[in-house]
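In: Dropping the sequence and predicted coords here.
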Amino acid sequence: MNRRVVVTGLGAITPLGNDVESYWDGLKNGRNGIGPITRFDASGLKAQLAAEVKDFNAKDYMDAKEVRQTDRFQQYAIAAASQAIADSGITGQIEPERLGVYFGSGIGGFETFVNEHNNLLNRGANRVSPFFITKMISNMAAGMIAIHAHANGPCLDVTTACATGTNTIGEAMRAIRHGYADAIIAGGVDAVIHELAISGFINCMALTDSTDPDAASIPFDKRRNGFVMGEGAGALILEEYEHAKARGAKIYAEVAGYGSTCDAFHVTAPDSEAKASAKAISDALAEAAADCPASEIYINAHGTSTPLNDKTETAAIKRAFGEEQARALHVSSTKSMTGHLLGAAGAIEAIAAVKALENNLIPPTINYKEADPECDLDITPNKAAAAPLTLALSTSLGFGGHNACIAFKKI
(Lines give C-alpha, C1' and ligand atoms only; values in the text may rest on other atoms or scores of the structure.)
Protein backbone atom coordinates (compact mmCIF):
# COMPACT_ATOMS: atom_id res chain seq x y z
CA MET A 1 0.00 0.00 0.00
CA ASN A 2 1.43 3.39 -1.02
CA ARG A 3 -1.31 5.97 -0.75
CA ARG A 4 -0.92 9.66 -1.60
CA VAL A 5 -0.85 12.13 1.29
CA VAL A 6 -1.92 15.77 1.19
CA VAL A 7 -2.07 18.77 3.52
CA THR A 8 -5.61 19.90 4.31
CA GLY A 9 -5.20 22.12 7.38
CA LEU A 10 -2.68 24.51 8.93
CA GLY A 11 -2.27 26.13 12.35
CA ALA A 12 0.49 28.26 13.87
CA ILE A 13 1.52 30.09 17.02
CA THR A 14 4.66 32.08 16.17
CA PRO A 15 6.70 35.16 17.02
CA LEU A 16 5.15 36.79 13.93
CA GLY A 17 1.53 36.12 14.88
CA ASN A 18 -0.80 33.62 16.43
CA ASP A 19 -2.42 32.22 13.31
CA VAL A 20 -1.27 31.19 9.85
CA GLU A 21 -2.54 34.33 8.15
CA SER A 22 -0.55 36.71 10.36
CA TYR A 23 2.48 34.41 10.32
CA TRP A 24 2.54 34.26 6.51
CA ASP A 25 1.90 38.01 6.26
CA GLY A 26 4.94 38.60 8.46
CA LEU A 27 7.10 36.26 6.40
CA LYS A 28 6.25 37.64 3.00
CA ASN A 29 6.70 41.23 4.21
CA GLY A 30 9.99 40.51 5.94
CA ARG A 31 8.84 41.45 9.43
CA ASN A 32 11.24 40.75 12.28
CA GLY A 33 9.75 38.91 15.27
CA ILE A 34 12.91 39.23 17.38
CA GLY A 35 13.27 41.66 20.28
CA PRO A 36 14.58 42.08 23.84
CA ILE A 37 13.61 39.30 26.24
CA THR A 38 10.60 40.27 28.38
CA ARG A 39 9.94 36.99 30.26
CA PHE A 40 12.73 37.66 32.77
CA ASP A 41 15.53 40.14 33.43
CA ALA A 42 18.18 39.18 30.89
CA SER A 43 20.41 42.23 31.46
CA GLY A 44 23.14 40.10 33.04
CA LEU A 45 23.26 37.54 30.23
CA LYS A 46 25.35 37.53 27.06
CA ALA A 47 22.22 36.79 25.01
CA GLN A 48 19.44 39.33 25.58
CA LEU A 49 17.25 38.79 22.54
CA ALA A 50 14.55 36.23 21.76
CA ALA A 51 11.65 35.71 19.38
CA GLU A 52 8.77 35.56 21.85
CA VAL A 53 5.15 34.71 21.13
CA LYS A 54 3.12 37.85 21.79
CA ASP A 55 -0.47 38.46 22.94
CA PHE A 56 -1.26 34.75 23.22
CA ASN A 57 -4.35 33.87 25.27
CA ALA A 58 -4.59 30.16 26.08
CA LYS A 59 -8.21 30.65 27.18
CA ASP A 60 -9.13 31.07 23.52
CA TYR A 61 -8.52 27.32 23.19
CA MET A 62 -9.18 25.77 26.62
CA ASP A 63 -10.98 26.56 29.85
CA ALA A 64 -9.35 28.26 32.84
CA LYS A 65 -8.94 25.00 34.75
CA GLU A 66 -7.06 23.35 31.90
CA VAL A 67 -4.87 26.42 31.49
CA ARG A 68 -3.77 26.09 35.13
CA GLN A 69 -3.00 22.42 34.63
CA THR A 70 -0.85 22.81 31.50
CA ASP A 71 2.58 24.15 30.62
CA ARG A 72 3.05 26.85 28.01
CA PHE A 73 4.32 24.28 25.48
CA GLN A 74 1.08 22.28 25.72
CA GLN A 75 -1.01 25.43 25.36
CA TYR A 76 0.80 26.44 22.17
CA ALA A 77 0.44 22.92 20.78
CA ILE A 78 -3.29 22.71 21.48
CA ALA A 79 -3.82 26.15 19.97
CA ALA A 80 -1.96 25.37 16.73
CA ALA A 81 -3.64 21.97 16.41
CA SER A 82 -7.09 23.46 17.06
CA GLN A 83 -6.52 25.98 14.27
CA ALA A 84 -5.39 23.27 11.86
CA ILE A 85 -8.39 21.07 12.67
CA ALA A 86 -10.78 23.97 12.13
CA ASP A 87 -9.02 24.91 8.88
CA SER A 88 -9.31 21.36 7.57
CA GLY A 89 -12.99 20.90 8.42
CA ILE A 90 -12.20 17.29 9.29
CA THR A 91 -14.23 17.16 12.51
CA GLY A 92 -17.06 14.66 12.07
CA GLN A 93 -15.62 13.60 8.70
CA ILE A 94 -13.38 10.77 9.90
CA GLU A 95 -13.67 7.75 12.17
CA PRO A 96 -11.85 8.50 15.47
CA GLU A 97 -9.71 5.38 15.21
CA ARG A 98 -8.49 6.52 11.78
CA LEU A 99 -7.32 9.93 13.08
CA GLY A 100 -3.85 10.08 14.64
CA VAL A 101 -1.50 12.59 16.24
CA TYR A 102 2.26 12.80 15.62
CA PHE A 103 3.38 15.83 17.58
CA GLY A 104 6.79 16.46 19.10
CA SER A 105 8.71 18.74 21.40
CA GLY A 106 12.44 19.12 21.67
CA ILE A 107 12.39 19.84 25.39
CA GLY A 108 8.85 19.65 26.82
CA GLY A 109 7.67 21.47 29.93
CA PHE A 110 10.92 23.18 30.82
CA GLU A 111 9.34 26.10 32.67
CA THR A 112 7.30 23.70 34.79
CA PHE A 113 10.36 21.60 35.58
CA VAL A 114 12.29 24.61 36.91
CA ASN A 115 9.33 26.05 38.83
CA GLU A 116 8.53 22.78 40.57
CA HIS A 117 12.17 22.11 41.39
CA ASN A 118 12.23 25.52 43.07
CA ASN A 119 9.08 24.55 44.98
CA LEU A 120 10.81 21.41 46.20
CA LEU A 121 13.87 23.31 47.41
CA ASN A 122 12.09 26.29 48.91
CA ARG A 123 8.74 24.94 50.12
CA GLY A 124 9.18 21.20 50.50
CA ALA A 125 8.09 18.01 48.73
CA ASN A 126 4.44 18.42 49.67
CA ARG A 127 4.24 21.66 47.70
CA VAL A 128 5.28 20.13 44.38
CA SER A 129 2.28 20.36 42.04
CA PRO A 130 0.24 17.19 41.45
CA PHE A 131 0.33 18.28 37.79
CA PHE A 132 4.14 18.48 37.70
CA ILE A 133 4.62 15.29 35.70
CA THR A 134 1.76 15.82 33.25
CA LYS A 135 2.82 19.44 32.64
CA MET A 136 6.44 18.46 32.11
CA ILE A 137 6.68 15.29 30.02
CA SER A 138 7.16 15.86 26.30
CA ASN A 139 4.50 13.44 25.07
CA MET A 140 1.70 15.47 26.63
CA ALA A 141 1.46 17.83 23.65
CA ALA A 142 0.50 14.86 21.48
CA GLY A 143 -1.64 13.28 24.19
CA MET A 144 -3.65 16.42 24.90
CA ILE A 145 -4.17 17.18 21.22
CA ALA A 146 -5.57 13.66 20.85
CA ILE A 147 -7.93 14.27 23.78
CA HIS A 148 -9.14 17.55 22.30
CA ALA A 149 -9.56 16.04 18.82
CA HIS A 150 -11.00 12.68 19.99
CA ALA A 151 -8.25 11.02 17.94
CA ASN A 152 -8.03 7.31 18.77
CA GLY A 153 -5.52 6.42 16.06
CA PRO A 154 -1.73 6.24 16.40
CA CYS A 155 -0.38 8.90 18.75
CA LEU A 156 3.36 9.52 18.97
CA ASP A 157 5.71 12.11 20.43
CA VAL A 158 8.86 12.61 18.37
CA THR A 159 11.90 14.23 20.01
CA THR A 160 14.81 14.81 17.63
CA ALA A 161 15.92 18.26 18.79
CA CYS A 162 15.73 20.83 15.97
CA ALA A 163 14.53 18.18 13.48
CA THR A 164 11.47 17.27 15.58
CA GLY A 165 8.80 19.10 13.59
CA THR A 166 10.07 17.79 10.25
CA ASN A 167 10.35 14.22 11.51
CA THR A 168 6.76 14.24 12.82
CA ILE A 169 5.47 15.29 9.41
CA GLY A 170 7.57 12.75 7.56
CA GLU A 171 6.70 9.88 9.87
CA ALA A 172 3.02 10.84 9.76
CA MET A 173 3.17 10.78 5.97
CA ARG A 174 4.58 7.26 6.07
CA ALA A 175 1.91 6.07 8.51
CA ILE A 176 -0.86 7.34 6.23
CA ARG A 177 0.81 6.01 3.10
CA HIS A 178 0.95 2.53 4.56
CA GLY A 179 -2.62 2.52 5.81
CA TYR A 180 -2.23 2.99 9.58
CA ALA A 181 -4.40 6.14 9.58
CA ASP A 182 -6.45 8.24 7.18
CA ALA A 183 -5.40 11.55 8.71
CA ILE A 184 -2.82 12.67 11.26
CA ILE A 185 -2.37 15.96 13.13
CA ALA A 186 1.38 16.51 12.78
CA GLY A 187 3.69 19.18 14.10
CA GLY A 188 6.00 20.43 16.79
CA VAL A 189 6.21 22.81 19.72
CA ASP A 190 8.66 24.33 22.18
CA ALA A 191 8.48 27.08 24.80
CA VAL A 192 11.83 27.45 26.57
CA ILE A 193 12.52 31.17 26.71
CA HIS A 194 13.66 30.82 30.29
CA GLU A 195 16.77 32.05 32.10
CA LEU A 196 18.11 28.53 32.68
CA ALA A 197 17.59 27.39 29.07
CA ILE A 198 19.06 30.58 27.65
CA SER A 199 22.07 30.25 29.98
CA GLY A 200 22.64 26.66 28.90
CA PHE A 201 22.55 27.54 25.20
CA ILE A 202 24.86 30.53 25.83
CA ASN A 203 27.41 28.36 27.58
CA CYS A 204 27.48 25.81 24.77
CA MET A 205 28.26 28.70 22.41
CA ALA A 206 25.03 28.41 20.42
CA LEU A 207 23.35 31.81 20.87
CA THR A 208 24.28 35.17 19.36
CA ASP A 209 25.45 37.92 21.68
CA SER A 210 24.11 40.65 19.41
CA THR A 211 21.84 43.20 21.10
CA ASP A 212 20.51 44.50 17.76
CA PRO A 213 17.40 42.59 16.60
CA ASP A 214 18.32 43.40 13.00
CA ALA A 215 21.82 41.96 13.35
CA ALA A 216 21.08 38.87 15.44
CA SER A 217 19.48 36.08 13.41
CA ILE A 218 21.28 36.64 10.11
CA PRO A 219 21.49 33.28 8.32
CA PHE A 220 24.15 32.87 5.61
CA ASP A 221 25.58 36.32 6.39
CA LYS A 222 29.32 36.38 7.12
CA ARG A 223 28.63 38.31 10.37
CA ARG A 224 26.54 35.51 11.89
CA ASN A 225 27.65 34.24 15.31
CA GLY A 226 24.79 32.22 16.77
CA PHE A 227 21.04 31.69 16.75
CA VAL A 228 18.22 33.51 18.50
CA MET A 229 15.87 31.48 20.69
CA GLY A 230 12.27 31.42 19.50
CA GLU A 231 9.10 29.69 20.68
CA GLY A 232 5.75 28.56 19.34
CA ALA A 233 4.02 25.68 17.58
CA GLY A 234 3.03 24.57 14.11
CA ALA A 235 0.43 21.99 13.12
CA LEU A 236 -0.53 20.43 9.79
CA ILE A 237 -3.39 18.08 8.99
CA LEU A 238 -2.02 15.34 6.77
CA GLU A 239 -4.69 13.30 5.03
CA GLU A 240 -4.95 10.48 2.54
CA TYR A 241 -5.71 12.03 -0.84
CA GLU A 242 -8.84 10.05 -1.74
CA HIS A 243 -10.27 10.62 1.75
CA ALA A 244 -9.68 14.37 1.43
CA LYS A 245 -11.11 14.47 -2.09
CA ALA A 246 -14.21 12.51 -1.12
CA ARG A 247 -15.14 15.00 1.59
CA GLY A 248 -14.36 18.04 -0.59
CA ALA A 249 -11.47 19.26 1.54
CA LYS A 250 -9.25 22.14 0.52
CA ILE A 251 -5.88 20.70 -0.48
CA TYR A 252 -2.83 22.91 0.02
CA ALA A 253 -0.18 20.56 -1.37
CA GLU A 254 0.91 16.95 -1.57
CA VAL A 255 3.41 15.62 0.94
CA ALA A 256 5.53 13.93 -1.66
CA GLY A 257 8.88 13.03 -0.15
CA TYR A 258 10.79 12.56 3.09
CA GLY A 259 14.36 11.87 4.10
CA SER A 260 15.74 11.15 7.57
CA THR A 261 19.39 10.46 8.41
CA CYS A 262 21.96 10.97 11.17
CA ASP A 263 25.47 12.42 10.97
CA ALA A 264 26.59 10.08 13.79
CA PHE A 265 29.38 12.58 14.28
CA HIS A 266 29.01 14.98 17.25
CA VAL A 267 26.39 16.00 19.82
CA THR A 268 26.16 19.61 18.58
CA ALA A 269 28.40 20.18 15.56
CA PRO A 270 27.26 19.10 12.09
CA ASP A 271 29.54 16.93 9.99
CA SER A 272 31.27 19.39 7.65
CA GLU A 273 31.37 16.79 4.87
CA ALA A 274 27.55 16.97 4.84
CA LYS A 275 27.11 13.45 3.50
CA ALA A 276 24.22 12.42 5.77
CA SER A 277 22.44 15.78 5.60
CA ALA A 278 22.73 15.73 1.81
CA LYS A 279 21.28 12.22 1.74
CA ALA A 280 18.20 13.36 3.69
CA ILE A 281 17.62 16.00 1.02
CA SER A 282 18.35 13.56 -1.84
CA ASP A 283 15.99 10.95 -0.40
CA ALA A 284 13.14 13.46 -0.10
CA LEU A 285 13.80 14.74 -3.60
CA ALA A 286 13.92 11.25 -5.11
CA GLU A 287 10.72 10.19 -3.40
CA ALA A 288 8.92 13.33 -4.55
CA ALA A 289 9.84 12.50 -8.15
CA ALA A 290 9.05 16.02 -9.29
CA ASP A 291 10.04 16.57 -12.90
CA CYS A 292 10.82 20.27 -12.74
CA PRO A 293 13.84 22.55 -13.19
CA ALA A 294 15.73 23.88 -10.18
CA SER A 295 14.26 27.30 -10.84
CA GLU A 296 10.84 25.91 -9.79
CA ILE A 297 12.11 24.56 -6.46
CA TYR A 298 12.15 26.39 -3.13
CA ILE A 299 14.12 25.22 -0.10
CA ASN A 300 13.20 26.58 3.30
CA ALA A 301 16.63 26.06 4.80
CA HIS A 302 17.36 25.22 8.42
CA GLY A 303 19.54 28.34 8.29
CA THR A 304 20.18 28.86 12.00
CA SER A 305 22.66 31.75 11.72
CA THR A 306 25.42 29.71 13.33
CA PRO A 307 28.81 29.64 11.57
CA LEU A 308 28.89 25.84 11.22
CA ASN A 309 25.27 25.12 10.30
CA ASP A 310 24.91 27.56 7.44
CA LYS A 311 28.08 26.60 5.58
CA THR A 312 27.42 22.89 6.18
CA GLU A 313 23.85 23.20 4.94
CA THR A 314 25.08 25.03 1.84
CA ALA A 315 27.45 22.13 1.21
CA ALA A 316 24.62 19.61 1.75
CA ILE A 317 22.38 21.34 -0.78
CA LYS A 318 25.20 21.43 -3.32
CA ARG A 319 25.97 17.76 -2.72
CA ALA A 320 22.30 16.80 -3.13
CA PHE A 321 21.60 18.87 -6.26
CA GLY A 322 25.03 19.40 -7.79
CA GLU A 323 26.76 22.80 -7.95
CA GLU A 324 25.01 24.11 -11.07
CA GLN A 325 21.49 23.07 -10.04
CA ALA A 326 22.03 24.31 -6.48
CA ARG A 327 22.79 27.81 -7.69
CA ALA A 328 19.49 27.91 -9.60
CA LEU A 329 17.39 27.00 -6.54
CA HIS A 330 15.37 29.47 -4.51
CA VAL A 331 16.55 29.27 -0.89
CA SER A 332 15.73 31.26 2.23
CA SER A 333 15.85 30.99 6.00
CA THR A 334 12.73 32.24 7.73
CA LYS A 335 14.62 31.97 11.04
CA SER A 336 15.87 35.43 10.14
CA MET A 337 12.36 36.56 11.19
CA THR A 338 11.23 33.95 13.71
CA GLY A 339 14.43 32.93 15.43
CA HIS A 340 14.91 29.23 16.12
CA LEU A 341 11.81 27.52 17.53
CA LEU A 342 13.70 24.29 18.32
CA GLY A 343 11.16 21.42 18.17
CA ALA A 344 8.62 23.67 16.48
CA ALA A 345 11.01 24.97 13.82
CA GLY A 346 10.42 22.21 11.28
CA ALA A 347 6.64 22.51 11.67
CA ILE A 348 6.33 26.25 11.16
CA GLU A 349 8.89 26.10 8.36
CA ALA A 350 6.92 23.34 6.64
CA ILE A 351 3.95 25.71 6.78
CA ALA A 352 6.14 28.42 5.24
CA ALA A 353 7.11 26.01 2.45
CA VAL A 354 3.45 25.09 1.79
CA LYS A 355 2.40 28.76 1.71
CA ALA A 356 5.30 29.63 -0.60
CA LEU A 357 4.18 26.88 -2.96
CA GLU A 358 0.55 28.01 -2.77
CA ASN A 359 1.41 31.65 -3.47
CA ASN A 360 4.41 31.25 -5.81
CA LEU A 361 6.31 33.53 -3.46
CA ILE A 362 9.67 33.00 -1.76
CA PRO A 363 9.84 34.54 1.72
CA PRO A 364 13.09 36.44 2.25
CA THR A 365 16.16 36.01 4.40
CA ILE A 366 16.05 39.43 6.05
CA ASN A 367 18.88 41.63 7.36
CA TYR A 368 21.36 40.08 4.95
CA LYS A 369 24.29 42.43 4.34
CA GLU A 370 27.65 40.68 4.03
CA ALA A 371 28.15 37.75 1.67
CA ASP A 372 29.95 34.63 2.84
CA PRO A 373 31.75 32.77 0.03
CA GLU A 374 30.99 29.50 1.86
CA CYS A 375 27.24 30.27 1.69
CA ASP A 376 26.93 31.27 -1.94
CA LEU A 377 23.43 30.09 -2.89
CA ASP A 378 20.53 32.35 -3.87
CA ILE A 379 19.19 32.91 -0.35
CA THR A 380 16.51 35.48 -1.40
CA PRO A 381 18.09 38.40 0.46
CA ASN A 382 15.91 40.96 2.23
CA LYS A 383 12.82 40.95 -0.01
CA ALA A 384 10.35 38.26 -1.04
CA ALA A 385 10.62 37.06 -4.64
CA ALA A 386 7.91 35.82 -6.97
CA ALA A 387 8.63 32.52 -8.73
CA PRO A 388 6.57 29.79 -10.44
CA LEU A 389 7.03 26.94 -7.97
CA THR A 390 6.38 23.23 -8.43
CA LEU A 391 8.21 21.81 -5.41
CA ALA A 392 9.06 23.10 -1.94
CA LEU A 393 11.44 21.44 0.51
CA SER A 394 12.01 22.14 4.18
CA THR A 395 15.21 20.98 5.86
CA SER A 396 16.03 20.55 9.55
CA LEU A 397 19.39 19.66 11.10
CA GLY A 398 19.32 18.98 14.83
CA PHE A 399 21.66 18.51 17.77
CA GLY A 400 22.69 14.86 17.92
CA GLY A 401 23.17 14.83 14.16
CA HIS A 402 19.48 14.40 13.29
CA ASN A 403 18.78 15.41 9.68
CA ALA A 404 15.33 15.58 8.11
CA CYS A 405 13.87 16.92 4.89
CA ILE A 406 10.26 17.01 3.75
CA ALA A 407 9.11 17.75 0.18
CA PHE A 408 5.78 19.26 -0.87
CA LYS A 409 4.51 19.59 -4.41
CA LYS A 410 1.54 21.17 -6.11
CA ILE A 411 -1.40 18.96 -6.82
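Out: Perfect, I can see it now.
In: Quick one: the helices in the protein, in order.
Out: 20-28, 64-68, 72-88, 110-123, 132-136, 140-149, 164-177, 195-203, 241-246, 275-288, 307-321, 323-328, 335-338, 345-359 (DSSP state H).
In: Reformat these as a markdown table; add mean neighbour count, distance to residue 408 and mean pLDDT.
Out: To be clear about C-beta, it is placed using only N, CA and C from the backbone, and glycine gets the same treatment. Converted to a markdown table, those look like this (neighbours: other C-beta atoms under 10 Å; distance: least, C-beta to C-beta, whole Å; pLDDT from 0 to 100):
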| stretch | mean neighbour count | distance to residue 408 | mean pLDDT |
| --- | --- | --- | --- |
| helix 20-28 | 21 | 15 | 98 |
| helix 64-68 | 12 | 33 | 97 |
| helix 72-88 | 27 | 15 | 98 |
| helix 110-123 | 16 | 31 | 97 |
| helix 132-136 | 19 | 33 | 98 |
| helix 140-149 | 23 | 22 | 98 |
| helix 164-177 | 28 | 9 | 98 |
| helix 195-203 | 16 | 30 | 97 |
| helix 241-246 | 17 | 13 | 98 |
| helix 275-288 | 22 | 8 | 98 |
| helix 307-321 | 22 | 16 | 97 |
| helix 323-328 | 14 | 19 | 96 |
| helix 335-338 | 29 | 19 | 98 |
| helix 345-359 | 27 | 6 | 98 |
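In: how's the chain carved up into domains?
Out: 5-246, 258-409 (automatic domain parsing).
In: Columns distance to residue 252 on top of the ones you listed, output as CSV?
Out: Output for the domains of the chain, formatted as CSV (distance: least, C-beta to C-beta, whole Å):
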stretch, distance to residue 252
domain 5-246, 4
domain 258-409, 5
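In: that older thread, of all the helices of the chain, which lies closest to residue 394?
Out: Among those, helix 345-359 comes nearest to residue 394, with 4.5 Å by C-beta to C-beta.
In: Now do the closest one: distance to the chain's middle.
Out: 9 Å (C-alpha atoms, centre = their mean, to the nearest Å).
In: Next: stretch 32-51.
Out: 21 Å.
In: Next: stretch 264-276.
Out: With C-alpha atoms, centre = their mean, you get 20 Å for stretch 264-276.
In: For it, list every residue counted as buried.
Out: The neighbour-count check on stretch 264-276 (16 or more other C-beta atoms under 10 Å) flags 270, 271, 274, 276 as buried.
In: And the first one, how far from residue 307?
Out: Put plainly, it is residue 270. Distance, residue 270 to residue 307, using C-beta to C-beta, to the nearest Å: 11 Å.
In: The last one too?
Out: Residue 276 is 19 Å from residue 307, where distance means C-beta to C-beta.
In: Quick check: residue 378 touching residue 325?
Out: No. Look at residue 378 against residue 325 with C-beta atoms under 8 Å: they stay out of range, at 11.7 Å.
In: Report the contact partners of residue 18.
Out: The contact partners of residue 18, by C-beta atoms under 8 Å, 6 or more residues apart in numbering, come to 12, 53, 54, 55, 56, 79.
In: quick one, phi psi at residue 273?
Out: phi -70, psi -20 (degrees, to the nearest 10).
In: residues touching it, list them.
Out: residue 315.
In: go with 10 Å
Out: 263, 265, 312, 315, 316, 319 (C-beta atoms under 10 Å, 6 or more residues apart in numbering).
In: follow-up on the earlier one: show me the common contact partners of residue 378 and residue 325, please.
Out: In contact with both residue 378 and residue 325: 294, 295, using C-beta under 10 Å, 6+ apart.
In: Quick check, pLDDT for the residue nearest to residue 399 when sequence neighbours are not counted.
Out: With sequence-adjacent residues excluded and distances taken as C-beta to C-beta, 6 or more residues apart in numbering, residue 399 is closest to residue 161, at 4.2 Å. Looking at residue 161, its pLDDT reads 97.
In: thought residue 161 was touching residue 304?
Out: No. Counting by C-beta atoms under 10 Å, no contact exists between residue 161 and residue 304, whose distance comes to 11.6 Å.
In: of these two, who's got more company?
Out: For residue 161 versus residue 304, neighbours defined as other C-beta atoms under 10 Å are more numerous around residue 304 (26 against 22).
In: so the residue nearest to the more buried one when sequence neighbours are not counted bridges to which residues?
Out: Leaving out its chain neighbours, the residue that sits closest to residue 304 by C-beta to C-beta, 6+ apart is residue 227, at 4.5 Å. Taking DSSP bridges as the rule, residue 227 bridges to residue 207.
In: on that earlier part again, so for residue 102, which of the helices of the chain sits nearest?
Out: Taking these one by one with C-beta to C-beta, helix 164-177 is closest: 4.1 Å.
In: quick check: angle from that closest one to helix 140-149?
Out: Interaxial angle of helix 164-177 relative to helix 140-149 (axes from the mean of the first three to the mean of the last three C-alpha atoms, to 10 degrees): 50 degrees.
In: what angle separates helix 164-177 from helix 345-359?
Out: Using the same axes, to 10 degrees: helix 164-177 against helix 345-359 is 70 degrees.
In: chain center to helix 164-177: distance?
Out: For helix 164-177, the distance to the chain centre is 13 Å (C-alpha atoms, centre = their mean).
In: and residue 89, what is it in contact with?
Out: Here residue 89 is in contact with 8, 9, 237, 247, 248, 249, 250 (C-beta under 10 Å, 6+ apart).
In: Got a quick PyMOL command for the buried subset of those residues?
Out: With 16+ other C-beta under 10 Å as the criterion, this PyMOL line picks the buried residues out of the contacts of residue 89:
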select buried, resi 8+9+237+249
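In: May I ask which two of the contacts of residue 89 are separated the most?
Out: 237 and 248 (14.4 Å).
In: hang on, the earlier thing: got the contacts of residue 273 as TSV, with distance to residue 173 columns?
Out: Formatted as TSV, the entries for the contacts of residue 273 read as follows, by distance: C-beta to C-beta, whole Å:
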residue	distance to residue 173
263	23
265	27
312	26
315	27
316	21
319	24
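In: give me the number of residues near residue 43?
Out: Residue 43 - counted by other C-beta under 10 Å - has 8 other residues nearby.
In: Next one: it from residue 195, what distance?
Out: In terms of C-beta to C-beta, residue 43 sits 11 Å off from residue 195.
In: Name the residues contacting each of those two.
Out: residue 37.
In: Could you tell me how far residue 372 is located from residue 362?
Out: Where residue 362 is concerned, residue 372 sits at a distance of 20 Å (C-beta to C-beta).
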